[in-house]
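Student: Just to be clear, the model below is a prediction. Sequence and coordinates:
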There are 2 protein chains.
Amino acid sequence: MIQTHAVRLFTERGYDATTVTDVAEAAGVSPMTVYRHFPTKEDLVLVDQHGRLVAERIVASSAAQPLVRRIGGALIDSAATLTGGDDLTAGKQFLLARLRLMISTPALRAKHLDNHYALQQAIVDALGDDAADPDSAFRAQVAASACLAALHTALVRWAEDDGRTELPGLIAKALAAAFGDDIGEDLR
Amino acid sequence: MIQTHAVRLFTERGYDATTVTDVAEAAGVSPMTVYRHFPTKEDLVLVDQHGRLVAERIVASSAAQPLVRRIGGALIDSAATLTGGDDLTAGKQFLLARLRLMISTPALRAKHLDNHYALQQAIVDALGDDAADPDSAFRAQVAASACLAALHTALVRWAEDDGRTELPGLIAKALAAAFGDDIGEDLR
DNA sequence: ACCGATTTGGTAGTAACTATCACTGCGGTA
DNA sequence: TACCGCAGTGATAGTTACTACCAAATCGGT
């Protein structure tokens, strides 16, 4: 509930022009309570379940597939879950509002990209490749970071489109553009 | 000079444990002067010429090559320029110290990644592809973001290695891991 | 020697946090 | 029913990054 009020206020008045106290008042709680649930102001926008979702699908994926396909598949699946179902849902609009804030507000954009970096580490761990071989670990890091970069580009495009395009398809298109159509096609 | 003192203090005492006032005192100037040259505390570590260097090499590259090769070549060239010449130079050590801070400090890491995002836009602009075609623009964004992700992974590896490996080679290896050996090999 | 422009410095203020302590409501137990 | 522990909430005071505004100094050129 606090997050809902926060995103609404940030969208209406702007992120920097809205203080944490404003959010607290709108939600009918004290500033302290806000800080207890959201360690930083940025987290009011950034907190979600995406990372957990992706990591779960990575571990569930077959280790026989190439790295990029395992990661890409997890990203597309997670996106399908998040945006899935009927159109024009409140959840989808909320996701779009948060995404727009993340893209346009420097502080949010920076921390969001840093979250992607943390997600990258989670993905590499979830891949379960032997960390003994530094070369294999390096390839996993590269694959994860490149996939997430493609994901981010797709997310930006999706937000620019106001969510009209299907997000999973966009991500597949981005992956195809990055790694060649042979990888991306199958994922669509 | 201010930046040198800042990086030294941040490395010695830690980023969060060092105030801007501490940096100002060490450099023998007032806090105001620090803020005038470096808009934010993070910029004390992050400011450099890398973005300009990369953008210049992108515009100088041949538009006939595939996107990833144009961008990758520019990244490798720039890295060669920055780390180039003799080993153990003060400049290289300084770069390493800054990089270590960027990787280990959350606030710096976040803003650094955001700088990469800005660099991505600069690269796309420098590519000079027709922005009229949204599909072509999308592919340029994807290529740029993925290349920068690979670059970042290479930089992390380079820092973990204390700069012993040749950076341009590492970047080429990362690009090869992401986009296939056929792209990366030629760049080495 | 002078003057315009750039650089530097001081003061006061805002807002994001943090540490610490006190209070309130709630379920389970004797 | 009285009690206990505990999670959630709140108030106060302090630190620090950063900004707006104005004053002083310093520097290069005529």
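Tutor: Done, it's in. Predicted model only: the values in this text are computed from it and were never measured. Residues are numbered from 1 along each chain as shown, chains lettered A, B, ... in the order given.

Student: Go ahead and flag the most central residue of chain A.
Tutor: Compute the mean C-alpha point of chain A, and by CA atoms, centre = their mean the closest residue is residue A:50, 5.6 Å away.

Student: For DNA strand C, give me its nearest residue in chain A.
Tutor: Distances between chain A and DNA strand C by CB to the nearest atom of the strand are smallest at residue A:41, namely 3.1 Å. Any C-beta I mention is one placed from the backbone N, CA and C, and that applies to glycine too.

Student: That residue contacts residue A:20, doesn't it?
Tutor: Yes. Between residue A:41 and residue A:20 a contact is recorded at 5.5 Å, counting by CB atoms under 8 Å.

Student: okay, these two: which has more neighbours?
Tutor: Set side by side, residue A:41 and residue A:20 show more neighbours around residue A:41, with 21 against 16, by other CB atoms under 10 Å in any protein chain shown.

Student: Let me know the secondary structure of that one.
Tutor: Three-state assignment for residue A:41 (DSSP: H, G, I helix; E, B strand; the rest coil): coil.

Student: pLDDT below threshold where in chain A?
Tutor: For chain A, the stretches flagged by pLDDT under 70 are A:85-88, A:182-188.

Student: That one: helices as residue ranges?
Tutor: For chain A, the helices defined by DSSP state H cover A:2-13, A:20-27, A:31-37, A:43-46, A:50-60, A:67-83, A:90-104, A:106-127, A:134-160, A:167-179, A:181-187.

Student: Can you point out the buried residues in the third one?
Tutor: Within helix A:31-37, the residues that qualify as buried are residue A:34, counting by 16 or more other CB atoms under 10 Å in any protein chain shown.

Student: And stretch A:10-25, by the same measure?
Tutor: Across stretch A:10-25, burial judged by 16+ other CB under 10 Å covers A:10, A:15, A:18, A:20, A:22, A:23, A:24.

Student: Equivalent analysis for stretch A:78-95, please.
Tutor: Residues of stretch A:78-95 classed as buried: A:78, A:79, A:82, A:83, A:92, A:95 (neighbour count, 16+ other CB under 10 Å).

Student: Out of these, flag the one nearest to chain B.
Tutor: Using CB to the nearest CB, residue A:79 comes nearest to chain B of the buried residues of stretch A:78-95, at 15.5 Å.

Student: ok, so what distance separates the residue of chain A closest to DNA strand C from residue B:83?
Tutor: 38 Å (CB to CB, to the nearest Å).

Student: Could you report the neighbour count for residue A:122?
Tutor: Per other CB under 10 Å, the neighbour tally for residue A:122 reads 15.

Student: List, one by one, the residues from chain A near DNA strand D.
Tutor: Selection of chain A residues close to DNA strand D by CB under 7 Å from any atom of the strand yields A:29, A:30, A:32, A:33, A:36, A:37.

Student: at 10 Å instead, please
Tutor: For chain A, the residues in contact with DNA strand D (CB under 10 Å from any atom of the strand) are A:1-2, A:16, A:24, A:27-37, A:107.

Student: and these near DNA strand C, which?
Tutor: Restricting the residues of chain A next to DNA strand D to those near DNA strand C by CB under 10 Å from any atom of the strand leaves A:16, A:24, A:31, A:32, A:34, A:35, A:36, A:107.

Student: which pair in those residues spans the largest distance?
Tutor: For these, the farthest-apart pair by CB to CB is A:16 and A:36; their separation is 22.7 Å.

Student: Apart from its chain neighbours, what residue comes closest to residue A:139?
Tutor: Closest residue to residue A:139 apart from its sequence neighbours, by CB to CB, 6 or more residues apart in numbering or on different chains: residue B:177 at 4.5 Å.

Student: so the one you found makes contact with residue A:142?
Tutor: Yes. Look at residue B:177 against residue A:142 with CB under 8 Å: they come within range, at 4.3 Å.

Student: Which one of the two is surrounded by more residues?
Tutor: The neighbour comparison of residue B:177 against residue A:142 (other CB under 10 Å) goes to residue A:142, with 29 against 24.
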